[in-house]
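*Asks:* I would like the atomic coordinates for the input below:
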Amino acid sequence: MSRILMLGAFVVFVSAAFMRYQTEAEVKQIHKDVARLQRVLESERTQTNILRAELAHLEEPARLARLAQIYTDLQPAEAAQVVGLSVAVARLPLEASEAEADVPAEGGGGGQRPMAVASLKENALAAAEEGQ
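*Replies:* Below you'll find the predicted structure:
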């Protein structure tokens, strides 16, 4: 009986040693993976910081103004050019009679009603008044 008990203890001991070795190998692999992911994360953070610095440089107002002056005829907006929505809508040049004359009937046939620009202007004025 002691031989069977010794054999059983030996099997348990060998199984425990194998399980410990396998677990230790898994832990080492996990540590390697964590170290690799930390390197990747640091690399991504560095790349993100580089891109943020590049974006800050590209969006620099003085640089953009200089490029706009070189490549376009654009000028900065003046305060007098900025108006509210109600003023912009009030300056719309179309009247209902002009809009009907400018809008052709659809499909080439008569009987179609043109879009009423005057009602659109009224709706825009009402929306502008609500927004104020």
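
*Asks:* lowest-confidence helix or strand of the protein?
*Replies:* helix 96-102 (a mean of 51; mean pLDDT, DSSP states H and E).

*Asks:* what about Arg3, which helix or strand?
*Replies:* Assigned by DSSP states H and E, Arg3 falls within helix 2-58.

*Asks:* tell me where the model's unsure across the chain.
*Replies:* 94-121, 125, 128, 130-132 (pLDDT under 70).

*Asks:* could you chop it up by domain?
*Replies:* In terms of domains, the chain is parsed into 2-70, 83-131 (source: automatic domain parsing).

*Asks:* which of these sits most buried?
*Replies:* Most buried of the domains of the chain, by mean neighbour count (mean count of other CB atoms under 10 Å): domain 83-131, with a mean of 12. Just so you know, the C-beta spots here come from the backbone N, C-alpha and C atoms, and that holds for glycine as well.

*Asks:* rewinding a little: so how far is the helix holding Arg3 off the chain centroid?
*Replies:* 35 Å (CA atoms, centre = their mean, to the nearest Å).

*Asks:* following it, which helix or strand comes up?
*Replies:* Counting by DSSP H and E, what follows helix 2-58 is helix 61-71.

*Asks:* and that following helix with helix 2-58, angle?
*Replies:* 50 degrees (axes from the mean of the first three to the mean of the last three CA atoms, to 10 degrees).

*Asks:* before we move on, which element is Asp73 in?
*Replies:* Here Asp73 is assigned to no helix or strand, by DSSP H and E.

*Asks:* for it, give its distance to Val82.
*Replies:* 20 Å (CB to CB, to the nearest Å).

*Asks:* just to revisit the earlier point, tabulate the domains of the chain (JSON lines), appending distance to Ala77.
*Replies:* Listed next are the domains of the chain as JSON lines, based on distance: least, CB to CB, whole Å:
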{"stretch": "domain 2-70", "distance to Ala77": "12"}
{"stretch": "domain 83-131", "distance to Ala77": "11"}
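
*Asks:* tell me the contacts of His57?
*Replies:* Arg63 (CB atoms under 8 Å, 6 or more residues apart in numbering).

*Asks:* begin at 53, not 1, for the rest of this chat.
*Replies:* Fine by me, first position is 53 from now on; the one you just mentioned is His109.
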